[in-house]
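Undergrad: what follows is a predicted protein model with its sequence.
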Amino acid sequence: MSDKPKYLKGQLLLDSGQLSGSCFQRTVVLICQHDAEGAFGLVLNHASPNKVGEMVVADLPDTLKEFPLYVGGPVQPTALSFLHSDTFIPNATVMPNLSLGHSLDELVDLGESFSDTRKIKMFAGYAGWSPGQLEDEMKREAWLTHPASLELVFEGDPVGLWKQILGRMGWKYKLLSEMPEDLSQN
């Protein structure tokens, strides 16, 4: 048996039902980086009411200004991060054909380049864990894991994403997804 830690980069974390009352209740978090130094993730299913152009003070291409801005997590709510995908990204940083970026220059370049297969999703803030913190939360079963895919990151209704993924994981998780947020309403 290996003592090598299990890093979760490229995986989705889903609230296991134990995070009620927290900012992570019913969230789906894509783990973008995870190693001995800690973990960095982005909440995929919390869209803000704002468009990127309303919140980002930068000279962005008009096409990007109309994108929805997601709340990536509670850490540094003014920090901008983005996920981008295309048919082929040889040096993808999160998983095959999916990269994480933080640079406004890179975002502008992506917005100005033409690709009918490129996808971009932008976030204010992020979810972060110090060394060992995520591992402790996993031991306490606060999170469920599920393989990430480009489809789950970019397509479909973000509001229903937690419920949709749990529904795919089997009957026990489907029951969890059907529980009311406030158990007193059960």
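TA: Looks like it arrived, so ask away.

Undergrad: show me where the protein has its helices.
TA: For the chain, the helices defined by DSSP state H cover 52-55, 62-65, 104-112, 133-139, 150-154, 161-168, 171-178.

Undergrad: can you pull the buried residues of the lowest-mean-pLDDT helix or strand in the chain?
TA: Counting by mean pLDDT, DSSP states H and E, the chain has its least confident helix or strand at helix 171-178, which shows a mean of 84. Buried positions in helix 171-178, judged by neighbour count with 16 or more other C-beta atoms under 10 Å: 173, 176-177. In short, each C-beta sits where N, CA and C put it, glycine included.

Undergrad: cool, stretch 150-159 as well?
TA: Applying 16+ other C-beta under 10 Å to stretch 150-159 flags 152-154, 158 as buried.

Undergrad: please tell me how far that stretch is from the chain's geometric centre.
TA: On the basis of C-alpha atoms, centre = their mean, to the nearest Å, stretch 150-159 sits 10 Å off its chain's mean C-alpha point.

Undergrad: so what touches it?
TA: Identification of contacts with stretch 150-159 by C-beta atoms under 8 Å, 6 or more residues apart in numbering yields 12, 28, 30, 44-47, 70, 83, 85, 97-98, 119, 121, 161, 164-165.

Undergrad: are any of the residues you listed buried, and which?
TA: The buried subset of the contacts of stretch 150-159 (16+ other C-beta under 10 Å) comprises 12, 28, 30, 44-46, 70, 83, 85, 97-98, 121, 161, 164-165.

Undergrad: farthest pair in those residues?
TA: 46 and 97 (23.8 Å; C-beta to C-beta).

Undergrad: for residue 100, give the beta-bridge partners.
TA: Beta-bridge partners recorded for residue 100 (DSSP bridges): residue 83.

Undergrad: where's it relative to residue 162, distance?
TA: 21 Å (C-beta to C-beta, to the nearest Å).

Undergrad: and those two? Which one has more around it.
TA: Counting neighbours by other C-beta atoms under 10 Å for residue 100 and for residue 162 shows that residue 162 has the greater number, 21 against 18.

Undergrad: test my guess that that one contacts residue 14.
TA: Yes - with contact defined as C-beta atoms under 8 Å, residue 162 and residue 14 form a contacting pair (6.0 Å).

Undergrad: common neighbours of those two, please.
TA: 27-28.

Undergrad: extract the C-alpha trace of stretch 103-112 and format it as CSV.
TA: What follows is stretch 103-112, C-alpha atoms only, in CSV (Å, rounded to 0.1, in the frame of the first residue of the first chain):
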residue,chain,number,x,y,z
SER,A,103,-3.5,37.1,-16.2
LEU,A,104,-5.6,39.9,-17.7
ASP,A,105,-3.2,40.0,-20.7
GLU,A,106,-3.8,36.3,-21.4
LEU,A,107,-7.6,36.8,-21.0
VAL,A,108,-7.5,39.7,-23.5
ASP,A,109,-5.5,37.5,-25.9
LEU,A,110,-8.0,34.7,-25.6
GLY,A,111,-11.0,37.1,-26.1
GLU,A,112,-9.4,38.6,-29.2
